[in-house]
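> How does the following fold in three dimensions:
(one chain, ligands or ions: 2)
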Amino acid sequence: MTKPAVRVAVTGAAGQICYSLLFRIANGDMYGKDQPVILQLLDLPQAQAAVGGVVMELEDCAFPNLAGVVITDDPKVAFKDIDAAVLVGARPRSKGMERADLLSANAEIFKVQGKALNEVAKRDVKVLVVGNPANTNAYITAKSAPDLPAKNITAMLRLDHNRALSQFAAKAGIATADIEKVAVWGNHSPTMYADYRFATANGKPLPELINDETWYRETLLPKVGKRGAAIIEARGLSSAASAANAAVDHMHDWIHGTDGKWVSMGVASDGSYGVPEGIVFGVPAVCSGGAYEVVKGLPMDDFSKSMFDKTLNELLEERDGVAALLG
Ligand SMILES: NC(=O)C1=CN([C@@H]2O[C@H](COP(=O)(O)OP(=O)(O)OC[C@H]3O[C@@H](n4cnc5c(N)ncnc54)[C@H](O)[C@@H]3O)[C@@H](O)[C@H]2O)C=CC1
Ligand SMILES: O=C([O-])CC(=O)C(=O)O
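Numbering: from 1, shown residues only. Ligands and ions are numbered 1, 2, ... in the order given. Next comes the predicted model:
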């Protein structure tokens with residue numbers, strides 16, 4: 001028997017990330033091949049015709065599990081009764097900008113959308129914020145949706161996680177699937193901290209396998225931190241297909257579980273690791289039964305503490321920068 005359809009809202013539907021993301025969701029990569037999905041697509045009034053074109057292409061794929069599509073410029077229509085939302089719609093940065101420079105341009109969007117989620121989404125909706133600066137936009141969304149559990153509003157650190165996995169695998173001459181227990185802490189920004197201290201590859205400690213701490217500190221960390229800027233430099237546009245892929249990975253794992261494996265997610269802090277409650281911070285997490293658990297009690301050494309504090313301080317500054325908007 002066919003399952004009842006789930007409703008997934010996606011914002012920024014006419015944009016470049018969605019040109020990949022919508023097709024992945026409709027193909028079953030997020031919820032599974034046996035799960036019908038209704039897409040509820042939000043974009044600005046001036047982008048409605050372009051969304052219509054994307055929907056024509058979705059139709060032309062004849063996806064067996066695409067059970068319906070809603071197109072709207074009204075967040076309350078897009079978020080009505082949804083099971084999940086991927087909030088992509090926001091301005092991307094261009095060459096020379098940092099993601100935090102987008103705060104003033106994008107913060108208001110997430111206040112409005114948080115309020116709409118609060119009013120009309122299912123109470124157990126799973127929300128992933130992709131639009132930059134993703135952590136602080138997720139913080140704004142959660143603060144604007146006080147009736148929804150803050151733990152259900154997350155930010156995307158998975159692209160950083162996947163970028164780190166690829167670089168570690170290439171350096172060690174192994175497959176990404178061989179690696180477990182990488183953690184990306186903090187902000188989706190150049191300050192993020194891709195921590196390999198606990199990582200293993202086929203049961204062996206990854207730092208021992210790589211055996212090059214200088215490479216880790218001086219090449220890997222800046223490379224992953226500045227990867228978004230390198231892509232903008234090369235493509236003239238920010239990453240899109242890899243961002244869509246990371247969004248699918250994040251939601252897929254949250255919905256279906258990770259079999260005990262660690263993934264990195266930006267989640268509202270419960271105060272662990274000394275991160276003030278509510279700050280949306282990248283942490284290692286394990287998912288099962290449609291929920292995630294933060295991996296707790298990991299020790300910090302001097303280097304990791306300094307990396308951790310740097311990215312936390314940046315997020316505290318971003319939080320202070322949006323206090324007036326939320327006040
Ligand atoms: N968290 C992450 O790892 C990543 C985040 N991003 C961010 O994702 C965002 C989207 O990137 P792209 O798709 O490349 O941008 P894009 O400019 O191609 O598309 C953005 C879309 O959002 C729409 N939009 C703007 N305001 C909106 C609103 N209030 N409601 C609904 N839709 C709205 C625009 O009309 C446009 O169609 C950017 O902020 C970008 O920086 C990009 C890559 C990775
Ligand atoms: O760098 C950007 O502006 C887009 C992004 O977040 C990424 O590629 O990580």
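> who touches the closest residue to ligand 1 within the stretch 201-327 of the chain in this structure?
Of all residues in the stretch 201-327 of the chain, residue 243 sits closest to ligand 1, at 3.5 Å by C-beta to the nearest ligand atom. Any C-beta I mention is one placed from the backbone N, CA and C, and that applies to glycine too. Counting by C-beta atoms under 8 Å, 6 or more residues apart in numbering, residue 243 touches 17, 21, 130, 156, 159.
> What about the first one, how many residues nearby?
It stands for residue 17. 27 (other C-beta atoms under 10 Å).
> just the second one next, same as before
By other C-beta under 10 Å, 28 other residues sit near residue 21.
> distance of it from ligand 1?
Going from residue 21 to ligand 1 by C-beta to the nearest ligand atom, to the nearest Å gives 8 Å.
> Kindly report the same for the fourth one.
Distance of residue 156 to ligand 1, computed by C-beta to the nearest ligand atom: 4 Å.
> same thing with the first one?
Residue 17 sits 3 Å away from ligand 1, going by C-beta to the nearest ligand atom.
> So for residue 1, what pLDDT did the model give?
In the predicted model, residue 1 carries a pLDDT score of 61.
> quick revisit: tell me which element the residue of the stretch 201-327 of the chain closest to ligand 1 is part of?
Remark: residue 243 resides in helix 241-256, with elements defined by DSSP states H and E.
> what is the mean pLDDT for that helix?
Per-region confidence: helix 241-256 scores 98 on mean pLDDT.
> Looking only at it, what residues are buried by neighbour count?
Across helix 241-256, burial judged by 16 or more other C-beta atoms under 10 Å covers 242-255.
> and what of stretch 195-206?
Going by neighbour count (16+ other C-beta under 10 Å), the buried part of stretch 195-206 is 195-201, 206.
> repeat for stretch 261-272
By neighbour count on 16+ other C-beta under 10 Å, the buried set for stretch 261-272 is 262-269.
> Pull the most distant pair out of those.
Longest distance between any two of the buried residues of stretch 261-272 is 18.5 Å, between 262 and 268; criterion C-beta to C-beta.
> Stretch 52-65 near ligand 1 at all?
No. Residues of stretch 52-65 contacting ligand 1 under C-beta under 6 Å from any ligand atom: none, with a closest distance of 9.7 Å.
> can I get the CA coordinates of the strand or helix carrying residue 230 in PDB?
Using DSSP H and E, residue 230 sits in helix 227-235. Taking only C-alpha atoms (Å, rounded to 0.1, in the frame of the first residue of the first chain), the coordinates of helix 227-235 have been written out as PDB:
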ATOM      1  CA  ARG A 227      36.400  26.200   0.100                       C
ATOM      2  CA  GLY A 228      33.200  28.300  -0.500                       C
ATOM      3  CA  ALA A 229      35.300  31.300  -1.500                       C
ATOM      4  CA  ALA A 230      37.500  29.100  -3.800                       C
ATOM      5  CA  ILE A 231      34.400  27.900  -5.600                       C
ATOM      6  CA  ILE A 232      33.100  31.500  -6.000                       C
ATOM      7  CA  GLU A 233      36.500  32.500  -7.400                       C
ATOM      8  CA  ALA A 234      36.500  29.600  -9.900                       C
ATOM      9  CA  ARG A 235      32.800  29.500 -10.900                       C
END
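> Return the residues of the protein in contact with ligand 2.
Close to ligand 2, as judged by C-beta under 6 Å from any ligand atom, the chain has residues 92-93, 99, 132, 159, 228-229, 231, 238-239.
> My assumption is that residue 312 lies in a helix; please confirm.
Yes. Applying DSSP: H, G, I helix; E, B strand; the rest coil, one finds residue 312 inside a helix.
> Test my guess that it contacts residue 186.
Yes. Using C-beta atoms under 8 Å, residue 312 is in contact with residue 186, at 6.3 Å.
> any common contacting residues for these two?
Common neighbours of residue 312 and residue 186, using C-beta under 8 Å, 6+ apart, are residue 281.
> if you count what's nearby, which of those two comes out ahead?
Set side by side, residue 312 and residue 186 show more neighbours around residue 186, with 29 against 22, by other C-beta under 10 Å.
> And the strands in the protein?
Taking DSSP state E as the test, the strands found in the chain are 6-11, 37-42, 66-72, 84-87, 126-129, 153-155, 179-180, 183-185, 193-195, 200-201, 204-205, 263-268, 280-288, 291-294.
> So which of those is nearest residue 173?
Among the strands of the chain, strand 200-201 comes nearest to residue 173, with 9.9 Å by C-beta to C-beta.
> Give me the contacts around the closest one.
Strand 200-201 is contacted from outside by 168, 172, 174, 178-181, 206, 209, using C-beta under 8 Å, 6+ apart.
> ok, 6 Å please
174, 178-181, 206, 209 (C-beta atoms under 6 Å, 6 or more residues apart in numbering).
> What of stretch 281-290?
157, 183-186, 253-254, 257-258, 262-267, 269, 275, 292-295.
> Next, the buried residues of it.
Of all the residues in stretch 281-290, those buried under the rule 16+ other C-beta under 10 Å are 281-287.
> Many thanks, I have nothing further to ask.
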